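**Student:** For reference, the sequence and a predicted model appear below.
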Amino acid sequence: MRPVWAISAKKGDQVYAQTSFPIAMGNRVVIPAGTYVQGTIEAVTRPTRRMSRAEIQVLFTKFIFADGYVVALPGSPGTVAIDPAGSAVPSALGETLIAIAIQVTTANDLLLDNGAVVEMTLGAPLALDAQQVARAGPISHAPQPGQLPSATQCRFVPGTPGTPGTSDTVIPGSPGTPDTVIPGGPGMPDTVIPGTPATPDTVIPGTPGTPGTPDSYCPAKPMVISCALVAPRKPSSTSQPEAAK
């Protein structure tokens, strides 16, 4: 729902999205289309002159339903696990960390544009309140294709006017001359002196003009190539456990 800018994207930036298709189990919708998804950027690999590709790792942390119901995803910051000694420790088990590969160049001002389609795979089963979900369904609205205009910014570049080219050169041909008839004497046939045939015009083609270049450059939209769930990371030994919510 918001662009990720190539020049400023960094670890810790927030990412906001919406589900574009309802998720169902059996004959019941459990995540309506239009449910908000929040996450944070964990790593950014930018394109280079030799590699027209970028990767963004996004840790999705919560679902926000249309009725205000908020669900933290397993493994997101603030969630805890119980170690063998019975103590609460931060856990990355089951986190939804998605590596998003993008076709993009150094000329692009965006890494992800508005409306980019990303596939998110949950890292672990998710428990939901059926009553809350049922209340959110009727008031959820799926995003429409093209609803969000591209955020890429066209920038000024010196343009050129082009050249007009030259027109064809026409060398007129000759009209020719008619036959000359000399009447014959009594009992003699006429004498016919053939004329000269006409010659067509000679056309020397001109040179075509050259098109000018515009005074602005608009980069192509980045294209998502693939999305993959990243293997769970080990919790940092310096992290302090937080109280379970």
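**Tutor:** Now that the structure is in, tell me what you want to look at.

**Student:** Identify the single longest strand in the chain, thanks.
**Tutor:** Longest strand in the chain, counting residues (DSSP state E): strand 53-64.

**Student:** Centre of the chain to that strand, how far?
**Tutor:** 17 Å (C-alpha atoms, centre = their mean, to the nearest Å).

**Student:** mean confidence score for whatever helix or strand comes next after it?
**Tutor:** Remark: after strand 53-64, the chain's next helix or strand is strand 70-72, criterion DSSP states H and E. Strand 70-72 carries an average pLDDT of 94.

**Student:** just stretch 119-139 next, same as before
**Tutor:** 92.

**Student:** Describe which strands the longest strand of the chain pairs with in its sheet and in which direction.
**Tutor:** As defined by DSSP bridges, the strand partners of strand 53-64 come to strand 36-45 (antiparallel), strand 70-72 (antiparallel), strand 96-103 (antiparallel).

**Student:** Return the most buried member of these.
**Tutor:** strand 96-103 (a mean of 20; mean count of other C-beta atoms under 10 Å). Where C-beta positions appear, they are placed from N, C-alpha and C, glycine not excepted.

**Student:** and this protein, what are its domains?
**Tutor:** 4-156+219-229, 160-212 (automatic domain parsing).

**Student:** what's the first-to-last distance across the first one?
**Tutor:** Right, domain 4-156+219-229. 20 Å (C-alpha to C-alpha, to the nearest Å).

**Student:** didn't G94 look like it was pressed against S76?
**Tutor:** No. In this structure G94 lies outside contact range of S76 using C-beta atoms under 8 Å: 9.4 Å.

**Student:** Pick out whichever of the two has more residues nearby.
**Tutor:** S76 (22 against 17; other C-beta atoms under 10 Å).
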